[in-house]
Structure formats: structure tokens, C-alpha cells
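Trainee: sequence and predicted structure are below.
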Amino acid sequence: MAASGGTSYRNGATSRNSLKLDKPFSANSNPKSSLKSKSLPNSALRRSSPASLGAAKDDGAVPGRVRVAVRLRPRNTEELIADADFADCVELQPELKRLKLRKNNWDSDTYEFDEVLTEFASQKRVYEVVAKPVVESVLDGYNGTIMAYGQTGTGKTYTLGRLGEEDTADRGIMVRAMEDILAEVSLETDSVSVSYLQLYMESIQDLLDPANDNISIVEDPKTGDVSVPGASLVEIRHQESFVELLRLGEAHRFAANTKLNTESSRSHAILMVHVKRSLKGKDSTLSSDIGGNSHLVKTLKPPIVRKGKLVVVDLAGSERIDKSGSEGHTLEEAKSINLSLSALGKCINALAENSAHVPVRDSKLTRLLRDSFGGKT
Ligand SMILES: Nc1ncnc2c1ncn2[C@@H]1O[C@H](COP(=O)(O)OP(=O)(O)OP(=O)(O)O)[C@@H](O)[C@H]1O
């Protein structure tokens, strides 16, 4: 997260009045992190909800901090033709970390972000600015979340899930995060395991085993840890197997969506990466006196186990929520997305304000992210 580490958004405006923002943000409660705690501008949340949030320590005691970044997607060919005056209505001010939307010649709205990434920002830069601090926190034993929010086609999947098989420069946050994690852990003593889920109409489905579509969320009342015991948990030892797993999940997401007669952006895709590290305790040498003779005794300390969880969320788009006239299934779908996104917005506001209470119980999405939020619920 962005919540500690969130990151990028893209803007694919097709007309002056249809600005689409895809922004990631991050929250981080790691006190060692260099991320600054910062309140989200409410207006920014209303206008274009956030995308990624952050990190909470294992004990969940510290409210997470939230960072929000916005990424502008380059215009595609159609938009270049249809939207020749785009620059007149959207102005990025990366050095001031601001985005200005001109309503007309005399009126504009300005939004502040933790990071503003222009259409020229590379995938590498987006990863480094938004996600890397979160990944480092996870390796240190914290929980962190990165989310991408935006309308359909704004570049959420490009930012998070791009595999970069044809051009490695295209690799998205998921792939880069796993590369950094695998480079840091020891395969002998540590473990990295992954679940990949889809949340659609308040029901959780395993993207690695789509027949498994009624997964429940279990919260440990003592530790506050959240688990999804019914979901596949795959140990990752090599980057190639992770990329294969992402590909499988995407294929299942598509198939599942076809079955459900929906579209990808109508569901939230959630990747959970569990990192468990054994850090060698420091051995110490003591001098002891046995039978009048002095001996040096070596005491071996047990390893310290450090657990962190990285959650990467490709949120459902909000574009149909405000549309009136939705009926039947579409209306139910819109209500469900609305419910989870508004519950998420409330949690992010609570985190940004360092509120002691983070209202996670209102939706499955926020319940799933509970142990990344920290604070009392
Ligand atoms: N930064 C970028 N640079 C170049 N192309 C991009 C960028 N961001 C997105 N695109 C392209 O824009 C199109 C839409 O992106 P993408 O599928 O990631 O959007 P999305 O927000 O995930 O959409 P949906 O909600 O429908 O899944 C894709 O063709 C993608 O390759």
C-alpha cells in the first residue's frame, strides 16, 4: 500500500468529462519504513478511489499508514484522436505531487498525492516508488498491501500483473515483488507461499482451483491473523513457477468470469504472498565453573521466525456504480462492488487519520485485508 506502497494510476480519459484514474496507494505501519504517514485528501478519495494500502506489523498493534500514488496511462491511438485537448483538462505536477483537473477556463480542482507518475513513468519506476518499500517491510516481518483502483482499461492489470515475458521492462508489481523476495530469502531455511483468489459478489473463489468457490475467511481471535484455509497455498521456490501460477490464475479468472457471465473488472483479484524467514539467533559463549575448573560453554539460540504477508489487490472498477437504471444481475453486481469499495474507503480514511478503529467488518474485502490494516477493529 501502498497502504504502504500503493502506486500507480493511470488516467485514460476519453473525454473531458470522463476522466479515469487508476491509482495505487500504500499504507505502512512499519516504524522503520521511510514512508511518511499522510492523510488522503477526501476529495481525491471521492473522485477516484484509491488503490493500494499498506503494512501492519505482525502483532497488528500499530495502525497502518496509507500512501496514494496516481499513474497516468499513456493515451492509446483512439484516445489520441478523440481527445486532442486532453492536456488542457489534466495537468500533472509531479514535482509538487499534484494533479490538476481543469473544469473550464476559470475553474479547476487540484488533488495531492504521495506520488504522481506521469505517462512516461516506467514499470520499474512505478515498482520502486510504490511497491518496493512495502516488499521490504514484508521481508522484515510486516504485512503490506498494494492495491490498484481505477475504471476498466485504466491500466490496473498492466501495473500489477503484467508478466513481461516478451519484454522484461514490462514486468508489473507482482512479478517484480516476487523477484525481490526470492532474491532475499534463503531456500534452505525460509518459505514463500502464495494464494491467488477472486472476490466476486461477496464470494471468494480460488483462482488456482476454480471449483473451490466458497472459501471462508478465518480470523484468529488472539493474533488477529486472517487466513483462508480452503484456498490453495503453493510454495514458490523459483520465479518461473510463480509466473506460471500467475498465468494459471489469470486463465481461471477469465474462465470463471465467463461462467459467471461477468467481466474481469467486476471482481477483485487478490494475490497473497506469505513469507516466513528463519533468522539465526546469536550464539553466545559463557564461562562456567565446573568442579573448580573453568569451562567455556556455547549456548545456541533458537532461530527467530519472522512472518510477513504481502497482499496485492486488483480492485474491481467503479465505473458502473453510479450509473442509474441498473437492473437485475448488473444491479446486484454494482451493489456488491459498491459495498466493498465504500467499506474499503472507510478503512483507508480511518488508517489515513490514524484512527484507533478501522471498520473492517463491513465487507469480505476489508475482512480479508484486516491483518494488513492494524489497529483495533
Ligand atoms: N502504462 C501503460 N503503458 C502502456 N500501455 C498501458 C499502460 N497501462 C495500460 N496500458 C494498456 O491499456 C490497456 C488496458 O490496461 P489494463 O488491462 O491493465 O486495464 P485495467 O484497468 O486492468 O482494465 P480492467 O479493469 O478491464 O481489467 C491494455 O492494453 C494495456 O496494455
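Mentor: Perfect, thanks for sending it.
Trainee: helices of the stretch 251-377 of the chain, start to end?
Mentor: 328-352, 364-368, 370-373 (DSSP state H, counting those that start in this stretch).
Trainee: which SS state does the residue nearest to the spatial centre of the chain fall under?
Mentor: Using Cα atoms, centre = their mean, the residue of the chain that lies closest to the mean C-alpha position is residue 146, 1.8 Å off. What DSSP: H, G, I helix; E, B strand; the rest coil gives for residue 146 is strand.
Trainee: wait, it sits on residue 314?
Mentor: No: using Cβ atoms under 8 Å, residue 146 is not in contact with residue 314; the gap is 9.9 Å. Glycine gets a C-beta too; all of them are placed from N, C-alpha and C.
Trainee: list residues touching both of the two?
Mentor: Residues touching both residue 146 and residue 314 by Cβ atoms under 8 Å, 6 or more residues apart in numbering: residue 160.
Trainee: follow-up on the earlier one: okay, the helices of the stretch 251-377 of the chain in a markdown table with mean pLDDT next?
Mentor: Converted to a markdown table, the helices of the stretch 251-377 of the chain look like this (pLDDT from 0 to 100):
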| stretch | mean pLDDT |
| --- | --- |
| helix 328-352 | 85 |
| helix 364-368 | 94 |
| helix 370-373 | 83 |
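Trainee: for the ones you listed, give me CSV that also has distance to residue 241 and mean neighbour count.
Mentor: Shown next, in CSV, are the helices of the stretch 251-377 of the chain (distance: least, Cβ to Cβ, whole Å; neighbours: other Cβ atoms under 10 Å):
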stretch, distance to residue 241, mean neighbour count
helix 328-352, 31, 20
helix 364-368, 24, 23
helix 370-373, 25, 28
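Trainee: out of the ones you listed, nearest to the ligand?
Mentor: helix 328-352 (11.4 Å; Cβ to the nearest ligand atom).
Trainee: how far does that closest one sit from its chain's centre?
Mentor: Here helix 328-352 is found 16 Å from its chain centre; the criterion is Cα atoms, centre = their mean, to the nearest Å.
Trainee: from residue 344, how far off is whichever residue of the stretch 1-150 of the chain sits closest to the ligand?
Mentor: Closest to the ligand within the stretch 1-150 of the chain is residue 73: 4.2 Å, counting by Cβ to the nearest ligand atom. Distance from residue 73 to residue 344, counting by Cβ to Cβ, to the nearest Å: 22 Å.
Trainee: same thing with residue 243?
Mentor: 28 Å.
Trainee: also residue 302?
Mentor: 39 Å.
Trainee: same check, this time on residue 241
Mentor: 31 Å.
Trainee: do residue 249 as well
Mentor: If you go by Cβ to Cβ, the gap between residue 249 and residue 344 works out to 21 Å.
Trainee: and what of residue 228?
Mentor: Taking Cβ to Cβ, one finds residue 228 at 18 Å from residue 344.
Trainee: go on, residue 112?
Mentor: 20 Å.
Trainee: again, but for residue 74
Mentor: 27 Å.
Trainee: ok, now residue 201?
Mentor: Distance from residue 201 to residue 344, by Cβ to Cβ: 16 Å.
Trainee: and what of residue 238?
Mentor: For residue 238, the distance to residue 344 - Cβ to Cβ - is 33 Å.
Trainee: and for residue 80?
Mentor: 33 Å.
Trainee: residues of stretch 172-186 that come out buried?
Mentor: 172-182, 185 (16 or more other Cβ atoms under 10 Å).
Trainee: so for it, mean pLDDT?
Mentor: Stretch 172-186 carries an average pLDDT of 97.
Trainee: I am finished for the moment; much appreciated.
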